[in-house]
Structures are given as C-alpha cells and as structure tokens.
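In: I need the structure of the sequence given here:
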Amino acid sequence: MFPLLVIIAGVTGTVLMSIVMYFIHARGWANADMIRAIGSLVTRRYENSVLPGLLLHLTAGVLFAIPYLLVLRGAGVVHPLHLISVGLALGTFHGAAMIFVLMALAEKHPVPQFQKASLDVAWAHVVGHMAYGAGVGLVAAFLGSKFGWLTVA
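Out: From the prediction side, this is the model:
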C-alpha cells in the first residue's frame, strides 16, 4: 500500500503547492508561475508549456513524496499535528534548497520572463514547498494508519 500512499501524498502536496504558487503569481507578489516555468524548460516556449509543466511537476511531486514519507516514518512521528508540522518543516528546508538551484539556473532558462530569480520569487518557492510538505504530512496523518504504513496516535 506504500506506493498508493506515495501517489496520494505526492499529488496532494503538489496540488496544494500549485495552488499557493498560482495565488502568489495571480496576486502579482512574485513571478511564481512554476508550472509554465517547468514546462517551458521542455518546450522552450511559454505558450505551450502548461501540460508538460503540469505532468513534470506532478511526477516530481510523487517522487519527492517518497523521501518525505520515509523521513516522517523514520522519525517516529505519530501524532497527526506533528506529522503535518514535520512535513511543513521538510518543505521549508526543501524550498530553501530550491532557492540555490533557482538562483544558479535562472539565467539559463530558455524563456526570458523566467530568467530573473529575485528574492520575491525565492520566497514564493519556499512558501510553495511549505504547502507541499504540509500536504504530504496531512496525507500521512490521515491515511498512513489506514494503509497500514504508520501507527497514528
């Protein structure tokens, strides 16, 4: 049942992250259109980047759920609120690490509007990854025990 838990946790976290990033972008707080930024790495164009970006983002979200869930289980965290909190902390660290990747690679992006990674873009990614981690922790908290993967208090 672990693969199903990974898929549900990864998709849930990715959807939450995408919503947060879209909200930040739509409000004009930062250029946080991450789905198009990822997709245009493949298509090399902004116009046809949504579908590839969404597929790549969901795939990465499912794959990253594996280490998140393994850390949650390995840490012996069992209380639902603690699972969500540790997921949030993991997302914070993940987002902070992504700042370095973003800053290092932004200038090489094929689409000009994604070639500048400012501080507001960096913080948007941290907040987005926090939502992802909280989502993975939420799924672990409410489905981990039902799937026999985790004993929840």
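In: Okay, helices next: where are they in this protein?
Out: For the chain, helices defined by DSSP state H occupy the ranges 2-26, 34-43, 50-74, 80-105, 119-143.
In: who wins for proximity to residue 149 among those helices?
Out: Nearest to residue 149, of all the helices of the chain, is helix 2-26, at 5.6 Å by C-beta to C-beta. Every C-beta, even on glycine, is put in place using the N, C-alpha and C of the backbone.
In: for this protein, what are the low-confidence residue spans?
Out: 151-153 (pLDDT under 70).
In: and the helices of the chain as JSON lines, adding mean neighbour count?
Out: Formatted as JSON lines, those follow (neighbours: other C-beta atoms under 10 Å):
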{"stretch": "helix 2-26", "mean neighbour count": "19"}
{"stretch": "helix 34-43", "mean neighbour count": "21"}
{"stretch": "helix 50-74", "mean neighbour count": "17"}
{"stretch": "helix 80-105", "mean neighbour count": "17"}
{"stretch": "helix 119-143", "mean neighbour count": "23"}
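In: Nearest to residue 111, out of these?
Out: Of the helices of the chain, the one closest to residue 111 (C-beta to C-beta) turns out to be helix 34-43, at 4.4 Å.
In: and that closest one, how far from the chain's centre?
Out: In terms of C-alpha atoms, centre = their mean, to the nearest Å, the centre of helix 34-43 is set 15 Å apart from its chain centre.
In: Adding distance to residue 112, write the helices of the chain out as TSV.
Out: Listed next are the helices of the chain as TSV, based on distance: least, C-beta to C-beta, whole Å:
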stretch	distance to residue 112
helix 2-26	17
helix 34-43	10
helix 50-74	17
helix 80-105	14
helix 119-143	14
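In: Let me see the contact set for residue 81.
Out: For residue 81, the contacting residues are residue 141, by C-beta atoms under 8 Å, 6 or more residues apart in numbering.
In: Please apply the same query to residue 143.
Out: Here residue 143 is in contact with 5, 8-9 (C-beta under 8 Å, 6+ apart).
In: Look up how far residue 116 lies from residue 21.
Out: According to C-beta to C-beta, to the nearest Å, residue 21 stands 17 Å off from residue 116.
In: Was I right to think residue 32 contacts residue 118?
Out: No - using C-beta atoms under 8 Å, residue 32 makes no contact with residue 118, being 10.9 Å away.
In: This completes my enquiry, with thanks.
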